[in-house]
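[1] Quick one, fold the following:
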Amino acid sequence: IDIQEEPDGSLLTVHNLQLDDDGVIQCIAVNHVGKAVASTSLCIISIPKFKQSSSPPLQFSFRADEMIRLKFPFNSQPPADLQILKNEAYISKMEADATIREENVMFKIDCAKPENAGEYTIIADNDYGKAEIRFTIDIEIPPESPGVPEIMDV
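    All right, here's what the predicted structure looks like:
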């Protein structure tokens, strides 16, 4: 925090704000004559932002019937609304779900099926901005057991 004297008062500068710094800021001036208090409300606004730890394209493989869970680091203030696209089309929460937990977006599909393979996009919107993250999911299917051998000639 820096305080600079200006002709019309003091200028308070708060550096390195964090999302949880919302609240009331009080400045208290004290001298030998007395004390003065000034307060203001601080509201932190941040556009949605995914923090990617690896470079695109993001690609994940799961086995059929596995639960799919992916966690993407994320910040937004106020909290963002999430929508999911699969192959550029919006999908329902029954097919796949995305929720915000702490500073992460959690993507979940309960039971992987071959039809879950595709390119996904999670769009986050909080009225101050939008962000998106794209990734591809592949579903590995175990081979079927071979059929009964057919006898061609005896």
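[2] so what strands line up beside the lowest-mean-pLDDT helix or strand in the chain?
    Here the helix or strand of the chain ranked lowest by mean pLDDT, DSSP states H and E is strand 9-13, holding a mean of 79. Strands adjacent to strand 9-13 in the sheet, as given by DSSP bridges, are strand 2-6 (antiparallel).
[3] mean confidence score for the partner strand?
    The pLDDT scores in strand 2-6 average 83.
[4] For residue 65, give me its contacts.
    111, 112, 113 (C-beta atoms under 8 Å, 6 or more residues apart in numbering). The way it works is simple: take the backbone N, C-alpha and C, and place the C-beta from them, glycine included.
[5] For those residues, which entry has the maximal number of neighbours?
    residue 112 (21 neighbours; other C-beta atoms under 10 Å).
[6] Who is residue 82 paired with across the strands?
    Beta-bridge partners for residue 82, by DSSP bridges, are residue 124.
[7] Residue 33 in helix, strand or coil?
    coil (DSSP: H, G, I helix; E, B strand; the rest coil).
[8] For it, give me phi and psi.
    Backbone torsions for residue 33, taken as degrees, to the nearest 10, come to phi -90, psi -30.
[9] Report pLDDT for it.
    93.
[10] What distance do you get for it to residue 68?
    Distance, residue 33 to residue 68, by C-beta to C-beta, to the nearest Å: 67 Å.
[11] who's more crowded, those two?
    residue 68 (17 against 6).
[12] I'd like to know the beta-bridge partner residues of that one.
    Under the criterion used (DSSP bridges), residue 68 bridges to residue 109.
[13] Tell me how far it lies from residue 59.
    13 Å.
[14] Give the residues shared as contacts by these two.
    Going by C-beta under 8 Å, 6+ apart, residues that sit against residue 68 and also against residue 59 are residue 137.
[15] still on that earlier bit, centre of the chain to the least confident helix or strand of the chain, how far?
    35 Å (C-alpha atoms, centre = their mean, to the nearest Å).
[16] Please apply the same query to stretch 132-150.
    With C-alpha atoms, centre = their mean, you get 29 Å for stretch 132-150.
[17] This completes my enquiry, with thanks.
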